[in-house]
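Peer 1: predicted model and sequence below, questions to follow.
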Amino acid sequence: MLQLCKVTESLLISNARSACNDELIQKDAVTLCINVSKQQAFPSSPVGTFRVPVYDDPNEDLHKYFDRCADAIHGEAKQGGRTVVYCKNGRSRSATICVAYLMKHRDLSLTDAFQVVKCARPVVEPNQGFWAQLERYEQEVKIRKSSNSRSNLGPP
């Protein structure tokens, strides 16, 4: 079945076949497509596109794209747009990017962010390597947030 699964009002996740269906892209008012693969196509609809060139391999460095993707999803949402994140099967790579976004911009823990994505698309299952990268990212986000809140307090 072709469908874009709703993670939040402005974030959708799917497999490549659904994400490249122009009817679905228009129906769901998608304005940005983040393609987390080296070989999958983009939809032909006139939308913004962004490729994250990684394979679904635990040794791939998806971590280096977390901030860029999370900020792109956040920026699109602030302008009233909607982003679909997809990979070949919509299970590992795309789910990992969605979880990273929820941790950074929705202040969710890794466990809570994963549950949100899993509820939207029950087949999601980041591979072991990507999960380890998400654990590292969760710590980095926490450290950044605590140092930002300290620096906002001003001098002691």
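Peer 2: Sure, I can see it.
Peer 1: from now on I want contacts and neighbour counts done on CA atoms only, so please keep to that.
Peer 2: OK.
Peer 1: now do the strands in the chain.
Peer 2: Assigned by DSSP state E, the strands in the chain fall at 5-8, 11-15, 32-35, 48-51, 83-87.
Peer 1: give the partner strands of the last one in its sheet and their orientations.
Peer 2: Sheet pairing for strand 83-87, assigned by DSSP bridges, gives strand 11-15 (parallel), strand 32-35 (parallel).
Peer 1: what's the closest of the ones you listed to Asp22?
Peer 2: Nearest to Asp22 among the strands paired with strand 83-87 is strand 32-35; the distance by C-alpha to C-alpha comes to 11.6 Å.
Peer 1: so what touches that closest one?
Peer 2: Residues from elsewhere that reach strand 32-35 (C-alpha atoms under 8 Å, 6 or more residues apart in numbering): 19, 41-42, 47-52, 69, 76, 81-87, 94.
Peer 1: one more: stretch 100-114?
Peer 2: 66-67, 69-71, 73-74, 99, 134-135, 137-138, 141.
Peer 1: among these, name the buried ones.
Peer 2: With neighbours counted by 16 or more other C-alpha atoms under 10 Å, these contain buried members at 66-67, 69-70, 73-74, 99, 134, 137-138, 141.
Peer 1: which of those fall within helices?
Peer 2: Those of these mapping onto helices are 66-67, 69-70, 73-74, 99, 134, 137-138, 141, per DSSP state H.
Peer 1: looking at those residues, which is nearest Ser149?
Peer 2: Nearest to Ser149 among these, counting by C-alpha to C-alpha, is Val141 at 12.2 Å.
Peer 1: OK, contacts around that closest one?
Peer 2: 103-104.
Peer 1: just the buried residues of the contacts of strand 32-35.
Peer 2: Looks like the contacts of strand 32-35 have 19, 42, 47, 51-52, 69, 76, 81-87, 94 buried, using 16+ other C-alpha under 10 Å.
Peer 1: the bottom helix or strand of this structure by mean pLDDT?
Peer 2: Within the chain, no helix or strand scores below helix 128-151, which has a mean of 91 by mean pLDDT, DSSP states H and E.
Peer 1: and of the buried ones among the contacts of strand 32-35, the nearest to Val124?
Peer 2: Ser94 (8.6 Å).
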